[in-house]
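Asks: The following block contains a protein sequence and its predicted model.
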Amino acid sequence: VAAAAAAGGGGVLDMLSSSISDFRVEAVPGAVPTLRPLVLRHHQTRTDHTLLSVPYTSVFEYLQLLRVLCRELAACGPCTMVYLAAAVSDFYVPWDNLPKHKIQSRAAAAGPGVLSGGGDGDEMGITLRLEQVPKMLGHVRQLWCADAFTVGFKLETDPDLLAFKAVSSLRKYRMHVVVANEMDKRKDEVVLISLGEAGHGGSNSSAAPTGGLDGGLNGLGPNGGPKGGALAFGE
């Protein structure tokens, strides 16, 4: 998507063309300089076995995979970088509370033990009780991958609240860097916040690179960046 935006298109498909007469798919001329290095890098990682892409769809899978992968990468010590960019839900329905069967549209037909609707008269509704998703940053830093260089993210609409929460995350979870994204500026500006020697938060703001946030964080890590394993959770 970032590559499509850099090429001036609305999406990846806008960078490709085809004809009705054959089955070939080709890059449009203006997109070749952007697409070619990305395709070459992708196939090189496949050949070198340097990229392991692990799919997940639910918050339950995310939490389990985060623990398993962090524990595996812990063997790389300080050469590991954990880059937690996934927008994980703040709230969820715990596994034990999920209904086993389809939620019925009528409260009377729900039956015992099944989440049902509620309301007055003919207006039927549904009430969901959500719980907060467990915070895993502390586990990553203290238990699973304690020596890794860890990068977290914060997204807020209030810039004052954003700075406060980013610094709070640095101190509470002992993060090395927090990428602070303001909703209205997240596509144009990257703000990196880290703690100074005195424990105060300092920030470094720059324009977002055309290749996406990963380009802006290139080289992050102790002494210029880790050379070992890297774990990135994104969408």
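Replies: Everything's here; your move.

Asks: tally of neighbours for Lys154?
Replies: 21 (other Cβ atoms under 10 Å). Using the backbone N, CA and C atoms, a C-beta is placed for each residue, glycine as well.

Asks: I figured it was touching Ser169, is that so?
Replies: Yes. The pair Lys154 / Ser169 is scored as a contact, 6.3 Å apart, by Cβ atoms under 8 Å.

Asks: where do the contact lists of the two overlap?
Replies: Val178 (Cβ atoms under 8 Å, 6 or more residues apart in numbering).

Asks: For the chain, which helix extends over the most residues?
Replies: helix 32-48 (DSSP state H).

Asks: And it, what does it pack against?
Replies: Contact partners of helix 32-48 among helices and strands, from 3 or more Cβ pairs under 8 Å, 6 or more residues apart in numbering; DSSP states H and E: helix 2-6.

Asks: tell me the mean pLDDT over the helix it packs on?
Replies: In this model, helix 2-6 has a mean pLDDT of 48.

Asks: low pLDDT regions in this protein?
Replies: Along the chain, the model assigns pLDDT under 70 to residues 1-10, 106-124, 197-235.

Asks: That one: helices as residue ranges?
Replies: Using DSSP H, helices in the chain cover 2-6, 32-48, 59-73, 137-139, 159-173, 213-216.

Asks: Can you say which of those helices is nearest to Val190?
Replies: Of all the helices of the chain, it is helix 213-216 that lies closest to Val190, at 4.5 Å by Cβ to Cβ.
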